[in-house]
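Peer 1: Next comes the sequence, and after it the predicted model I'd like to discuss.
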Amino acid sequence: MTREELFYRQKNVYETAGEETAAEIFAFAEGYKSYMDASKTERLAVREAVRLAEEKGFRPYAFGSKPKAGDRVYLVNRGKALILAVIGGEPLGSGANIAAAHVDAPRLDLKQVPLYEDGELAFFKTHYYGGIKKYQWLALPLALYGTVIKKDGEAVDIAVGDRPGEPQFVITDLLPHLDGDQMKKKASEFVPGESLNILAGSRPDREEGEGRVKLTVMKLLNEKYGLTEEDFLSAELSAVPALGARDLGFDRSLIGAYGHDDRVCVYAELMAVLNVEKPKRTAVCLLVDKEEIGSEGVTGMLSTSFDRFLDDLCRAQGVSLYECLANSFCLSADVCNAFDPNFPEVSEKRNNARLNYGVAIMKYTGSRGKSGSNDASAEVMGRVRRLFSAKGVVWQTGELGKVDQGGGGTVAKYAARRGIDTVDAGVPVLSMHSPFEVIAKADLYMAYKGALALYEE
Ligand code: MN
Ligand code: MN
C-alpha cells in the first residue's frame, strides 16, 4: 500500500469541493443568516423554525392521531422547544433517527424586579444565563427581547433594538483613565455579576417626586405595552447583543453572529428534516431549551416531553417506547471549539477540530478523565464513519481542548441515558459563548449534509 493509502489525512472542505459545492455552501449560508436574525431568543428560534416547517408541509401533532408513513408533524413545547418528525416506512420498533440541538444561548436575563433609578439614570438589574465572560458584555449594543404575562393573563411580546431606528441598550464600562484599580483585579473578578446593569433611560418626568427618570421609562412601557412595574414579576426579558449575522473576511467564507452555539446546529438539522422525503426510519429533529444551564427545566432535554411524543407515536403502531429507544440513533448536534491560532496553548493540534474541515464528530466531551461525557463506542463511531463517507459528508473529529485544560458537556448523555446510541456532531466555533461567535460556512453546510445523511439512512 502507498503512504497515501496508509496515512490518515484530514482534508479542508475547499480542497475537495468543486465550484458547484462551493456555490451550494455559500447559498445555504444565506438562509442561515436570515434564520439567525429572526431567532435571537429560544422562543423566536422555535417560532421561526415552525414558520419554515409549515411552509414545507409540517402540521401540528395531535396526540392519539396515529400518523402514517410520510406524514410530517411538529410539536411545540411551551413555545421554547420543538420536535419535528417525518414518519418512516419502517415500524418504530426498529428505531428512529434522531438529531438533537439546543435553541438557547448565553444571555443576560432581567431580574424579576429589574427597574431602578440611580444618579438620575434608569437601569435594569440582570442575572446572566449560561457561561459568559462578563467583560465581553460591557460597552456592547444590546437588544431587549421577551414575553410578559400581564395581571389579567394576556401575553405581550417585546422586541426592541435590532430593527433600524430602534433604540438600543448598553452596560457601561470604566474609562481607561480611571481603571487603575479595575485592571489590577483578576479577569474573573473585575466585572462583578451585580454590576451588569443595563442603561435604560435618563430623562426625568416633569412630575415632582422620587424616581422621575424611572417614571419616564415606566410611562413609556405603559404606553407601548400596557405594562406596570408589577408586570415584570411574570416576565421573561433578556438582553442579547444587538448584532446581526454577517459575512466575515474578504472571501466571505465565515459568519459572525450571536448564538451560533447552538443555532447553527439547529438550522442544519432543521433544514435536513424539512428536506427529507419518505425516510425509511422515522426522522426526528429535537430542538431543546436550557442546555446552557444543564438541560434542566420542563423545556430542557431532561424533561419527559420528548418521551411522551415518541411514546405516542409508538402506541399508534403497538410498539414499546423502550424498544424504539434501544434501536434508535442520535446525533447530538452541538458546536465544539475550533482550533484558534491566537490561543494554540489550550488545544492539542492533532485532535482539535478546525474551521473548514467539515462537521466535527466528538467521541467524548467532559472534563478531566472524560467525566460527565457520553463517550460514544467504537461501533457508534464506525456507523457515523460509514454513513458520512457513503454520502460524501466532509467530517473531522474534535475534542474540547487539550487534556486537563477545561471541558464541558452537551445533551448527548441525556439522549444516551434513554438507551439511545448517541454521538456528538457539530460545527466548530471560534469565540464560543462570546457576543459575536465565528463559524465557517463550509462546516455549517457539512453539518446539514451530515444530518440529512442520517435521516436518509
Ligand atoms: Mn452548545
Ligand atoms: Mn454552549
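Peer 2: On my side now, so go ahead. Numbers count the residues shown, from 1 in each chain. Ligands and ions are numbered 1, 2, ... in the order given.

Peer 1: how about V13, what does it touch?
Peer 2: Counting by C-beta atoms under 8 Å, 6 or more residues apart in numbering, V13 touches 25, 356-358, 394, 442-443, 445-446. C-beta coordinates here come from the backbone N, C-alpha and C atoms, glycine included.

Peer 1: of all the residues you listed, which two lie farthest apart?
Peer 2: Distance extremes for those: the farthest pair is I25 and Y357 at 13.4 Å, using C-beta to C-beta.

Peer 1: Pick out the residue of the stretch 351-457 of the chain closest to ligand 1.
Peer 2: Nearest residue of the stretch 351-457 of the chain to ligand 1: T410, at 6.2 Å (C-beta to the ion).

Peer 1: and that residue, which of the three is it?
Peer 2: At T410 the chain is in coil, as set by DSSP: H, G, I helix; E, B strand; the rest coil.

Peer 1: Phi, psi for it please.
Peer 2: Phi and psi for T410, reported as degrees, to the nearest 10, are phi -140, psi -170.

Peer 1: For A187, give me the pLDDT.
Peer 2: pLDDT for A187: 89.

Peer 1: That one: what's its closest spatial neighbour, skipping adjacent residues?
Peer 2: Nearest non-adjacent residue to A187, counting by C-beta to C-beta, 6 or more residues apart in numbering: Y135, 6.7 Å away.

Peer 1: Return the residues in contact with the one you found.
Peer 2: Residues in contact with Y135 (C-beta under 8 Å, 6+ apart) are 187, 190-191.

Peer 1: What of L331?
Peer 2: Counting by C-beta under 8 Å, 6+ apart, the residues that L331 touches are 98-100, 269, 384, 422-425, 450-451, 454.

Peer 1: With K290 instead?
Peer 2: Taking C-beta under 8 Å, 6+ apart, we find K290 in contact with 102, 104, 296-297, 299-301.

Peer 1: quick one: stretch 391-407 near ligand 1?
Peer 2: No: judged by C-beta under 5 Å from the ion, stretch 391-407 stays clear of ligand 1, getting no closer than 10.8 Å.

Peer 1: Mean confidence (pLDDT) on that stretch, please.
Peer 2: Stretch 391-407 shows a mean pLDDT of 94 in the predicted model.

Peer 1: from the chain's centre, how far out does it sit?
Peer 2: Relative to its parent chain, stretch 391-407 has a centroid offset of 18 Å by C-alpha atoms, centre = their mean, to the nearest Å.

Peer 1: can you check stretch 323-338 too?
Peer 2: In terms of C-alpha atoms, centre = their mean, the centre of stretch 323-338 is found 15 Å from the chain centre.

Peer 1: what about it and ligand 1, touching?
Peer 2: Yes: Stretch 323-338 reaches ligand 1 (C-beta under 5 Å from the ion) through D334.

Peer 1: Could you pull up the residues touching the residue of the stretch 101-250 of the chain found nearest ligand 1?
Peer 2: Nearest residue of the stretch 101-250 of the chain to ligand 1 (C-beta to the ion) works out as H102 at 5.7 Å. Going by C-beta under 8 Å, 6+ apart, H102 touches 262, 265-266, 287-292, 295, 301, 334, 411.

Peer 1: Please consider this matter closed, and thank you.
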